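Trainee: here's a sequence, model it:
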Amino acid sequence: MKFGAGKGSAAKPAATPKAITRHSSGFEQFCAMLQSSQNLSILDMAGISQSNISFITSLGHRISSDDIIGTMQDCFGSDFLENELAASNAQRFLDQTLTFPDQSFDGALVWDALQFVTSPLLERTVEQLLRVMRPGGLMLVFFSSDDKATRVPVYNYRIQDPKTLVESPRDISYQRGQYFNNRAIEKIFDKASSLKFFLTRDHQREVLVRR
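Mentor: Here you go, the predicted structure:
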């Protein structure tokens, strides 16, 4: 598929970012839950990753995968912002995303996918996410904190160790539907029991969301 560079479309960044290996305070605290519990069910929303599977299962937990960015590409094509507005496209996306029974997971690695979903589909997606989480379950969610960026690179997230992630660019970027500051994030997760924010040096806002 060839991606155009129109409004809301996917495009190769002018300078494709390199893979980043970085410490993640949010993931470190997510791991504290993994290391202090047994036989949890974890959802990885960046698709299938052998390194993530190996890491989670080595701690005695189960892992399921759901590539939400891949589903967005299938349902919305190259123009996320425009095509999300069509009711048929939005319903197709919801029918293919988070198709798990209620309260299936104790933890979810949501990563950065939600920042590419716009209202009202964003709120419906978050409802589905909260639905599949068990009470007290923990979610790790990333948002770009660069308020000047109009396009945001899309990454794959791979676990290196309990404190470190490797973020590999997917070689595309997407126009962001809105800028997510703390207040905007609190609003979309208003039905969660708690949120904890971490701001990184590389313009990432990491959020731990407690169901």
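Trainee: all contacts plus neighbour counts: C-alpha atoms, from now on.
Mentor: Noted.
Trainee: report the contact partners of Val154.
Mentor: Val154 makes contact with Asp112, Pro169, Arg170, Asp171, Ile172, Ser173, Tyr174, according to C-alpha atoms under 8 Å, 6 or more residues apart in numbering.
Trainee: pLDDT at the first one, what is it?
Mentor: In the prediction, the pLDDT value recorded for Asp112 is 93.
Trainee: drop anything exposed from the contacts of Val154.
Mentor: Applying 16 or more other C-alpha atoms under 10 Å to those, the neighbour count classes Asp112, Pro169, Asp171, Ile172, Ser173, Tyr174 as buried.
Trainee: before we move on, the earlier item: need the max-distance pair from the contacts of Val154.
Mentor: Greatest spatial distance among these (C-alpha to C-alpha): Asp112 and Asp171, at 15.2 Å.
Trainee: any idea which helix or strand comes after the least confident helix or strand in the chain by mean pLDDT?
Mentor: Lowest by mean pLDDT, DSSP states H and E among the helices and strands of the chain is strand 10-11, with a mean of 50. Once the chain leaves strand 10-11, the next helix or strand it forms, by DSSP states H and E, is strand 20-23.
Trainee: and that following strand, what's buried?
Mentor: His23.
Trainee: moving C-terminal from it, which element do we reach first?
Mentor: helix 25-36.
Trainee: what residues does that following helix touch?
Mentor: Helix 25-36 has contacts (C-alpha under 8 Å, 6+ apart) with 40, 59, 61, 138-140, 162-164, 198, 206-208.
Trainee: mind putting these into JSON lines with neighbour count and distance to Ile53?
Mentor: Below are those laid out as JSON lines (neighbours: other C-alpha atoms under 10 Å; distance: C-alpha to C-alpha, whole Å):
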{"residue": "Leu40", "neighbour count": "19", "distance to Ile53": "13"}
{"residue": "Leu59", "neighbour count": "16", "distance to Ile53": "10"}
{"residue": "His61", "neighbour count": "18", "distance to Ile53": "9"}
{"residue": "Leu138", "neighbour count": "24", "distance to Ile53": "18"}
{"residue": "Met139", "neighbour count": "26", "distance to Ile53": "17"}
{"residue": "Leu140", "neighbour count": "22", "distance to Ile53": "16"}
{"residue": "Pro162", "neighbour count": "18", "distance to Ile53": "13"}
{"residue": "Lys163", "neighbour count": "17", "distance to Ile53": "16"}
{"residue": "Thr164", "neighbour count": "16", "distance to Ile53": "15"}
{"residue": "Phe198", "neighbour count": "13", "distance to Ile53": "25"}
{"residue": "Glu206", "neighbour count": "23", "distance to Ile53": "22"}
{"residue": "Val207", "neighbour count": "23", "distance to Ile53": "22"}
{"residue": "Leu208", "neighbour count": "22", "distance to Ile53": "21"}
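Trainee: tell me which two of the residues you listed sit farthest apart.
Mentor: His61 and Phe198 (25.4 Å).
Trainee: output the below-cut-off pLDDT ranges for this protein.
Mentor: Where the chain drops to pLDDT under 70, the residues are 1-17.
Trainee: show me where it has strands.
Mentor: Under the criterion DSSP state E, the chain contains strands at 10-11, 20-23, 41-44, 62-65, 105-111, 133-144, 151-161, 164-175, 194-199, 204-210.
Trainee: no further queries at this time; thank you.
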